[in-house]
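**Q** Predicted structure and sequence below. I'll ask about it afterward.
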Amino acid sequence: MKKTILLLSIPIFFATACKKDETVVVESPSGPTVDPPYSMLHYDASNMDAPLLGAGTYEGAARFSNSQIDAFVGADITKVWFYLKNLPQSCEVRIYQADSGDSAPGALLYSADVSGDMEAGRWNNHTLATPLEIPDKDIWISIRVVHSSDTRSLGCDPGPAVDNGDKMWTSAGGQWITLRQYDGTNINWNIRTVVLP
């Protein structure tokens, strides 16, 4: 009888996991070698490339709505991972909160200049100086880059883009849009955040 119940529950799991509004990927490594346990939140798949962006200042961000991450309220963000294909002139990790809506972030909760720690052609791992407690609000994880010329810096997956996976700000436009709105590129930024319970 127990086997029958288990088999019947498998299709229900897959049907629930494929809902369009449940796009946040939560990886939770387990086993005796993981101490302490953690979760990694992101939208992207593996790195494929990086969009070509001209001279200027840009932010690529992933927005996680309060409803998507309500199980993590009170947990600590400890690390931010991001892929750099080529080195920008400068780079900064930023974390914002937002009261509601998906058009723009609100208060800046954390920022760190990581320009001296960047490496090209790989995932870069920034450990927050002080863990940041996830508020009962939306959070935006952002990578701010400055280009002195045309550069492919902030990495992306092959796409297609999901809601909130390709948020973008440019110094030329001065407002938050998506990369799809900017130049039609249909990807998700390679931005991930590590959360400790």
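**A** Ah, there it is.
**Q** And the strands in this protein?
**A** 25-27, 39-42, 52-53, 56-64, 76-84, 90-98, 108-113, 122-133, 138-147, 151-152, 167-170, 176-178, 191-196 (DSSP state E).
**Q** Those strands: which one's closest to A161?
**A** strand 176-178 (7.0 Å; CB to CB). C-beta here means a position set from N, CA and C on the backbone, and glycine is covered the same way.
**Q** Provide the strand pairings for the closest one, with the direction of each partner.
**A** Strand 176-178 sits in its sheet next to strand 167-170 (antiparallel), going by DSSP bridges.
**Q** Any idea what the closest residue to W169 other than its chain neighbours is bridged to?
**A** Nearest non-adjacent residue to W169, counting by CB to CB, 6 or more residues apart in numbering: E59, 4.2 Å away. Beta-bridge partners for E59, by DSSP bridges, are R144, W169.
**Q** E59: neighbour count?
**A** 21 (other CB atoms under 10 Å).
**Q** Which residues are in contact with it?
**A** 94, 142-145, 167-169 (CB atoms under 8 Å, 6 or more residues apart in numbering).
**Q** Likewise for I177?
**A** I177 makes contact with 167-170, according to CB under 8 Å, 6+ apart.
**Q** so it bridges to which residues?
**A** Listed beta-bridge partners, I177: M168 (assigned using DSSP bridges).
**Q** So for it, what's the pLDDT?
**A** We note a pLDDT of 96 for I177 in this prediction.
**Q** I'd like the distance between Y38 and A120.
**A** Distance, Y38 to A120, using CB to CB, to the nearest Å: 26 Å.
**Q** Repeat that for D113.
**A** D113 sits at a distance of 17 Å from A120 (criterion: CB to CB).
**Q** Same check on V145?
**A** With CB to CB as the criterion, V145 and A120 are 12 Å apart.
**Q** For K3, report the pLDDT, please.
**A** 36.
**Q** make that V24, sorry
**A** Looking at V24, its pLDDT is 74.
**Q** mind listing what it touches?
**A** Counted by CB under 8 Å, 6+ apart, V24 has contacts 41-43, 64, 68-69.
**Q** Let me have these in CSV, extended by pLDDT, distance to L154 and neighbour count.
**A** Putting the contacts of V24 into CSV (pLDDT from 0 to 100; distance: CB to CB, whole Å; neighbours: other CB atoms under 10 Å) gives the following:
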residue, pLDDT, distance to L154, neighbour count
L41, 94, 18, 22
H42, 95, 14, 22
Y43, 96, 14, 22
F64, 95, 18, 19
Q68, 89, 22, 18
I69, 91, 22, 21
